[in-house]
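S.K.: coordinates for the following, if possible.
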Amino acid sequence: MSYYLKGSKTGLRQTSRLIDRMILYILATGMVTSVTALLAGITFCAIPNTFIWLVLCILEAGLYANSLLAAG
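M.R.: Here you go, the predicted structure:
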C-alpha cells in the first residue's frame, strides 16, 4: 500500500505531506504488530515450557484490534 501511495504523489505540497503521513502511519502500526508476532513466535520456539508467548499473543490481539479501529 505504501508503494502505491508513494507512486501517487502529486506536486502539491499539502497532498504530498498527507501521503507521507499516511505512509508513516501504515508503517508504524504494521511494524508494532509484526514485531510482537515475531517475538511471540521466537519465545514459543525458544522457551516452550513457559507461557511468556501467550502474554505476547494476548497483547498482539489488542494491537491488531487497535490497528483495525484506527484504520477505519
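
S.K.: may I see the buried residues of stretch 31-50?
M.R.: Within stretch 31-50, the residues scored as buried using 16 or more other C-beta atoms under 10 Å are Thr33, Thr36, Leu39, Ala40, Thr43, Phe44. No exception for glycine: its C-beta is placed from N, CA and C like everyone else's.

S.K.: also stretch 50-65?
M.R.: For stretch 50-65, the neighbour count (16+ other C-beta under 10 Å) marks Trp53, Leu56, Cys57, Glu60, Leu63 as buried.

S.K.: the fourth one reaches Val35, doesn't it?
M.R.: No: applying C-beta atoms under 8 Å, one finds Glu60 not in contact with Val35, separated by 9.7 Å.

S.K.: spit out the contact partners of the most centrally placed residue in the chain.
M.R.: Centroid-nearest residue in the chain: Gly30, 1.3 Å away (criterion: C-alpha atoms, centre = their mean). Residues near Gly30 by C-beta atoms under 8 Å, 6 or more residues apart in numbering: Ser67.

S.K.: so how far is Pro48 from it?
M.R.: In this view, Gly30 and Pro48 are 27 Å apart by C-beta to C-beta, to the nearest Å.

S.K.: got the contact list for Thr36?
M.R.: Counted by C-beta under 8 Å, 6+ apart, Thr36 has contacts Leu56, Leu59, Glu60, Leu63.
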